[in-house]
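Asker: How does the following fold in three dimensions:
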Amino acid sequence: MRLFIAAYLPAAAERDFARLVGTLAVARPMPEGRSLRLAPAEQWHMTLAFLGEVDDARQDDAVEVMDAVPVDRPVVRIAGGGTFGRGKFTTLVAKVDGDVAPLGDTVRRLLKRRRLPFDRRPLQPHVTIARPGDRLPAVDVAADLEVLRGYRGPEWAVDDIRLMKSELGPRPTYEVLATARTGQ
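Answerer: Numbers count the residues shown, from 1 in each chain. Below you'll find the predicted structure:
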């Protein structure tokens, strides 16, 4: 199964961010049959570690990693924006400010100790908004980035982290497999 460990936005931050996202070009309706692959609000999250394909038998090991995270709850906020990829691979993201590095580092260190796979690229805290690819003109992507760069959402404490299973496809789905409180 395809797994990742993430922190989700609390309701107040999600509502505030949703108001902003609703003003972006990526949120505009598209002609029938076209999609900018806007992520639904209930899927907005900040990935701390992407594990990728993990044997079902190792799920308990991943849960134990989450339960062992002793760090304080970082205080974060959505602030700014950026893109990953370009052309047909363009992904529009909101950046996350705050001291999330200790939490991400701890999760990754514990995954390594348990010999669980994870993407070792440096943590770049963000929330994926949409995957418009080249279906949205570059001028609209640039305009959305300008709006995002001026955004400073409400702060929140990362109270829990979640082990998520993801199913790829035209409309990816996520399932919560386990939740662990932070700062215990």
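Asker: Confirm that Val139 sits in a strand.
Answerer: No - going by DSSP: H, G, I helix; E, B strand; the rest coil, the assignment for Val139 is helix, not a strand.
Asker: And for it, the neighbour number?
Answerer: Val139 has 9 neighbours, counted by other C-beta atoms under 10 Å. Heads up, the C-betas are built off the backbone N, CA and C, glycines and all.
Asker: how much space between it and Glu146?
Answerer: Val139 sits 11 Å away from Glu146, going by C-beta to C-beta, to the nearest Å.
Asker: packing partners for the helix or strand where Leu103 lies?
Answerer: Secondary structure assignment for Leu103, by DSSP states H and E: helix 101-113. Packing partners of helix 101-113 (3 or more C-beta pairs under 8 Å, 6 or more residues apart in numbering; DSSP states H and E): strand 45-53, helix 59-67.
Asker: Quick check: which of these is buried the most?
Answerer: strand 45-53 (a mean of 19; mean count of other C-beta atoms under 10 Å).
Asker: just the angle between it and helix 101-113, please?
Answerer: Put simply, strand 45-53 runs at 10 degrees to helix 101-113, going by axes from the mean of the first three to the mean of the last three C-alpha atoms, to 10 degrees.
Asker: Now do the helices in this structure.
Answerer: Along the chain, counting by DSSP state H, helices occupy 11-21, 59-67, 101-113, 138-149.
Asker: Can you pull out the low-pLDDT segments for this structure?
Answerer: For the chain, the stretches with pLDDT under 70 are 33-34, 184.
Asker: sorry, back to before: how about the helices and strands packed on helix 101-113 in a markdown table, adding distance to Thr182?
Answerer: Below are the helices and strands packed on helix 101-113 laid out as a markdown table (distance: least, C-beta to C-beta, whole Å):
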| stretch | distance to Thr182 |
| --- | --- |
| strand 45-53 | 10 |
| helix 59-67 | 9 |
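Asker: closest to Leu24 out of these?
Answerer: strand 45-53 (18.4 Å; C-beta to C-beta).
Asker: Tell me the strands beside that closest one, with direction?
Answerer: Strand 45-53 has the following strand partners under DSSP bridges: strand 2-8 (antiparallel).
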